[in-house]
Every structure is written in C-alpha cells, then in structure tokens.
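>>> I'll drop the sequence and a predicted model, then ask my questions.
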Amino acid sequence: MCQWCGDGEARTAAFEIVDRPPQSLVGIVWDGSFADAAAGGVRAALEAMQARLADLPGLFKGPLVGVSWNERPDGFRYFVGYEPEPGAPAAGDLERLDLPAMRYVVAWHAEGDGAVVEHYRGMLHWMQMQGVPRDVTRLHHREEYPLDADFAGPPVLRLMMPTDPAATPRPAGRFGAA
C-alpha cells in the first residue's frame with residue numbers, strides 16, 4: 001500500500017476525517033450514465049490509466065485517484081489519474097486536474113465489504129448522525145486505488161467524501177460506524 005491508501009489494515013468499521021494538501025493530477029475523463037458505469041465504463045477507464053502508468057519511468061507509485069462529479073440526473077463525470085513526480089515530463093494527451101487542499105471523511109473499502117454504493121450510504125448516514133456536513137461545491141467523491149489494484153476482482157479502495165473544513169473540526173483517530 002502507499003502513503004495515501006494506508007497500510008492495508010481493515011478499516012471498514014471506521015471512518016476518519018483527513019486533510020489532503022493541494023494536488024495536481026493528470027489523467028483521463030470518463031463521462032457516462034449510471035448504466036454505462038455499471039456495464040464497466042469506469043472500470044475500463046481505471047484499467048486504461050493503470051496500463052498507461054505501467055509504461056511510465058520514474059513515476060511515484062502512489063494511488064490511482066478517481067474524482068467524480070454528479071452533474072447530470074442519469075450519470076456522472078469521472079476523472080482518473082495520478083500525481084506525477086515533480087519535474088516529470090507532461091503527457092500531452094492527458095488532462096490536468098488541480099485540487100485545492102480539502103478535508104474528507106474517509107473509509108477503507110476492503111475486498112469482502114460488498115457493494116461500494118452501500119459503503120458510501122453508510123458513510124453518508126454516519127456523517128448525518130455526527131453532524132458532519134458534506135461539501136459538494138468542488139467534487140462529489142474522491143477514490144484512491146492501489147496502483148496494483150485488480151479491477152476485475154472485488155473493489156479495494158479508499159472512499160472519500162468532501163466535507164466543509166470550517167464546519168468540521170479535524171479530530172484525531174478513527175470513529176466507529178453508526
């Protein structure tokens with residue numbers, strides 16, 4: 001596992017509040033319906049980016065980062081990319097995404113944790129019960145996948161929902177699921 005994804009320990013019964021510094025990513029954009037996503041559209045984008053990264057020399061082997069915006073009633077836009085090493089040559093055909101410093105509620109979704117959508121629902125419920133406001137002004141979800149993820153198998157990723165840092169103090173430690 002990498003510095004962003006954690007050490008691989010099971011984190012399914014806990015949520016954390018974490019800060020991420022500003023980050024510049026490069027990658028590809030997928031845009032489609034929920035049905036297209038269920039049929040493998042997002043997975044294909046993740047696999048394409050993963051394959052592309054395998055060919056890049058000198059790359060920081062951090063996570064694949066997925067960012068989604070639910071901007072349409074029948075689907076969403078999804079960016080999948082990586083943070084290039086400082087000074088690495090830019091790949092001309094990749095899109096750039098600059099994220100500001102943000103605070104997130106996070107949970108590790110492990111292989112046996114079932115449907116990702118259900119895990120997000122549990123996270124939303126926990127946030128509501130704790131009075132932690134969701135902030136979708138910049139993005140709706142962020143996901144971090146291990147670079148060596150097996151996208152044909154059960155999903156393994158860090159789920160992240162943005163929250164308003166002014167309304168969400170950053171306590172230390174993990175919190176049990178409600």
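That came in fine, so what should we check first?
>>> Geometric centre of the protein: which residue is closest?
Nearest to the geometric centre of the chain sits residue 143, at 1.0 Å (Cα atoms, centre = their mean).
>>> Tell me which helix or strand it sits in.
strand 141-145 (DSSP states H and E).
>>> returning to that earlier point: any idea how far the residue nearest to the centre of the chain is from residue 26?
Going from residue 143 to residue 26 by Cβ to Cβ, to the nearest Å gives 17 Å. For the C-beta atoms, the positions are set from N, CA and C on the backbone; glycine is no exception.
>>> check contacts around residue 153.
residue 111 (Cβ atoms under 8 Å, 6 or more residues apart in numbering).
>>> Just the pLDDT for it.
For residue 153, the pLDDT comes out at 93.
>>> before we move on, what about the one 5 residues further on?
Here, the pLDDT recorded for residue 158 equals 97.
>>> tell me which element residue 158 falls in.
strand 157-163.
>>> so where is the protein shaky, pLDDT-wise?
In the predicted model of the chain, residues 1-13, 57-61, 90, 169-178 satisfy pLDDT under 70.
>>> Give the buried residues for stretch 32-41.
With burial defined by 16 or more other Cβ atoms under 10 Å, the residues of stretch 32-41 counted as buried are 32, 36, 37, 41.
>>> Partner strands of the strand holding residue 143, with direction?
strand 64-72 (antiparallel), strand 157-163 (antiparallel) (DSSP bridges).
>>> Distance from that strand to the middle of the chain?
Offset of strand 141-145 from its chain centre (Cα atoms, centre = their mean, to the nearest Å): 1 Å.
>>> repeat for stretch 16-35
6 Å.
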